[in-house]
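>>> sequence first, predicted coordinates after that:
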Amino acid sequence: MKSEPYTVTFGIIGAGRIGKLHADNLLNRVEGARLKAITDPFLDEEWAASRDIPLTGKDHRMMLDDPEIDAILIGSPSAEHAPQMIECAQAGKHIFCEKPIALDPEIIRNALAEVDKSGVKLQVGFNRRFDPNFAAVQQQVASGALGEPHIIRITSRDPAPPPAEYVAGSGGMFLDMTIHDFDMARFLSGSEVTEVHAYGAVLIDPEIGKAGDIDTAVISLKFANGALGIIENSRKAVYGYDQRVEFFGSKGAAMADNNTPTSMVVFNESGTIRDKPLYFFLERYEEAFVAEMQAFVNAIREDKPTTVSGNDGLAPVLIALAAQESLKSGKPEKVDSV
């Protein structure tokens, strides 16, 4: 083990929108981190050159044998996550993997077994846990100030739906979009989801329905600790990216509202005017993306457990699959245990 503290040297698999975001954060905003390499079959060489990244290429395997690289960030297409996670674990590299690890629980379990066998650290990219507003609510819950949990309400509405061709390969809304909300439900409640009852409809884009998915949903949850939860999703909110949570407990409640460009409110004879929510998720969760990577780096440097474990990556997939089954059956469905 390296002496503490030391600079954690990263390689990134995948230079799409998320990979580039993480690259810029590692280069500029994450303390104790160094970015040495990035690979992508369709790498934008001009972009990589503009960042002065020392090593670039099309094949991620070039990073696995590099003794300088301590950690690999997996930001490739979802179907490649689990196989690449196994490769990284076998190469002795710490792993940050964007969600989902996979859409099949057995594939996830097999990948996690390899990680456990290797002894490397793994963090899954559920970035919303690191949003300052949501984290503040969770801290109030964890402190006991709000008492026993009774109701968790989560609102998540995108500003615009994805293309139907994306939907067809995403695993569906529950595994692509709502998976973040399932993670947030576990995070805020401090408990596992035991049962889901999902209602869904196609109210925005008929092409999404033709692709076999829904664009609007309400999901009720039951937790092991007795609390109840409600998640509401829409693929299109005309006013922006709507992200809110509420925790109601025996001693009080806490809410986190949307982020807006400014906090200014104008009052005049026409009414009250304030900014609409931030439109794009990269803006909304800008600080969360930095904070999650800083937490991962700190876990490596201090040899502590990561804050979002492999089981935290598995549990929301199990909830999503139960929600899909509920949507088909029209009945509540039990959630498989991790």
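Right, received. Where do you want to start? Numbers count the residues shown, from 1 in each chain.
>>> from now on I want contacts and neighbour counts done on CA atoms only, so please keep to that.
OK.
>>> okay, strands next: where are they in the stretch 151-300 of the chain?
With DSSP state E, counting those that start in this stretch as the criterion, the stretch 151-300 of the chain has strands at 193-201, 216-223, 228-234, 242-249, 252-256, 265-268, 271-274.
>>> what is the least confident helix or strand in the protein?
helix 281-284 (a mean of 75; mean pLDDT, DSSP states H and E).
>>> now do the contacts for the residue most central in space within the chain.
Closest to where the C-alpha atoms of the chain average out (CA atoms, centre = their mean) is Phe126, at 2.6 Å. Contacts for Phe126 (CA atoms under 8 Å, 6 or more residues apart in numbering) come out as Glu98, Lys99, His180, Asp183, Val308.
>>> among the residues you listed, which two are most distant?
Farthest-apart pair in the contacts of Phe126 is Glu98 and Asp183; separation 13.3 Å (CA to CA).
>>> about what we covered before: return the closest of the contacts of Phe126 with respect to Asn259.
Distances from Asn259 to the contacts of Phe126, taken by CA to CA, are shortest for His180, at 17.4 Å.
>>> number of nearby residues for that closest one?
His180 has 21 neighbouring residues, counting by other CA atoms under 10 Å.
>>> now swap in Tyr166 and tell me
Using other CA under 10 Å, Tyr166 has 13 neighbouring residues.
>>> quick check: it vs Pro277, distance?
Computed as CA to CA, to the nearest Å, the Tyr166 to Pro277 distance reads 25 Å.
>>> and if you look at Arg153?
Taken as CA to CA, the spacing of Arg153 relative to Pro277 amounts to 19 Å.
>>> who's in contact with the helix ranked longest in the chain?
Scanning the chain for the helix with the most residues, using DSSP state H, yields helix 310-329. Contacts to helix 310-329, defined as CA under 8 Å, 6+ apart, come from residues 99-101, 103-105, 108-109, 112, 122-124, 174-175, 178-180, 182-183, 193, 195-200, 219, 332-338.
>>> just the buried residues out of those, in ChimeraX syntax.
The ChimeraX command for the buried members of the contacts of helix 310-329 (criterion: 16 or more other CA atoms under 10 Å) is given here:
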select :99,100,101,103,105,108,109,112,122,123,124,174,175,178,179,180,182,183,193,195,196,197,198,199,200,219,332,333,334,335
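>>> re earlier: okay, the longest helix of the chain in CSV with CA atoms only?
The C-alpha trace of helix 310-329 is given here as CSV (Å, rounded to 0.1, in the frame of the first residue of the first chain):
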residue,chain,number,x,y,z
GLY,A,310,-21.4,-2.3,-4.8
ASN,A,311,-24.5,-3.4,-3.0
ASP,A,312,-25.8,0.2,-3.3
GLY,A,313,-25.3,-0.4,-7.1
LEU,A,314,-27.3,-3.6,-7.0
ALA,A,315,-30.2,-2.6,-4.8
PRO,A,316,-31.8,0.0,-7.1
VAL,A,317,-31.7,-2.5,-10.0
LEU,A,318,-33.6,-5.0,-7.9
ILE,A,319,-36.2,-2.3,-7.1
ALA,A,320,-36.4,-1.3,-10.8
LEU,A,321,-37.0,-4.8,-11.9
ALA,A,322,-39.8,-5.2,-9.3
ALA,A,323,-41.3,-2.0,-10.5
GLN,A,324,-41.3,-3.3,-14.1
GLU,A,325,-43.0,-6.5,-12.9
SER,A,326,-45.6,-4.4,-11.0
LEU,A,327,-46.3,-2.3,-14.1
LYS,A,328,-47.0,-5.5,-16.0
SER,A,329,-49.1,-7.3,-13.3
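>>> quick one, that helix and strand 216-223 angle?
Helix 310-329 and strand 216-223 meet at an angle of 120 degrees, taking axes from the mean of the first three to the mean of the last three CA atoms, to 10 degrees as the criterion.
>>> could you pull out the buried residues of helix 310-329?
Neighbour-count burial for helix 310-329, with 16+ other CA under 10 Å as criterion, is recorded at 310, 312-327.
>>> for the stretch 1-150 of the chain, which residues score under the pLDDT cut-off?
Within the stretch 1-150 of the chain, the stretches with pLDDT under 70 are 1-4.
>>> report the buried residues of stretch 55-75.
Quick answer for stretch 55-75 (16+ other CA under 10 Å): Thr56, Gly57, His60, Met63, Leu64, Ile69, Asp70, Ala71, Ile72, Leu73, Ile74, Gly75.
>>> tell me the helix or strand right after the host helix or strand of the fourth one.
Following DSSP states H and E, the helix or strand that holds Met63 is helix 61-64. Where DSSP H and E defines the elements, the next helix or strand beyond helix 61-64 is strand 71-74.
>>> other SSEs contacting the following helix or strand past that following strand?
Tracing the chain C-terminally past strand 71-74 and defining elements by DSSP H and E, one meets helix 81-90 next. Applying 3 or more CA pairs under 8 Å, 6 or more residues apart in numbering; DSSP states H and E, we find helix 81-90 packed against strand 71-74, strand 94-97, helix 105-118.
>>> dump these into JSON lines; add distance to Met293 as well.
Formatted as JSON lines, the helices and strands packed on helix 81-90 follow (distance: least, CA to CA, whole Å):
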{"stretch": "strand 71-74", "distance to Met293": "10"}
{"stretch": "strand 94-97", "distance to Met293": "8"}
{"stretch": "helix 105-118", "distance to Met293": "19"}
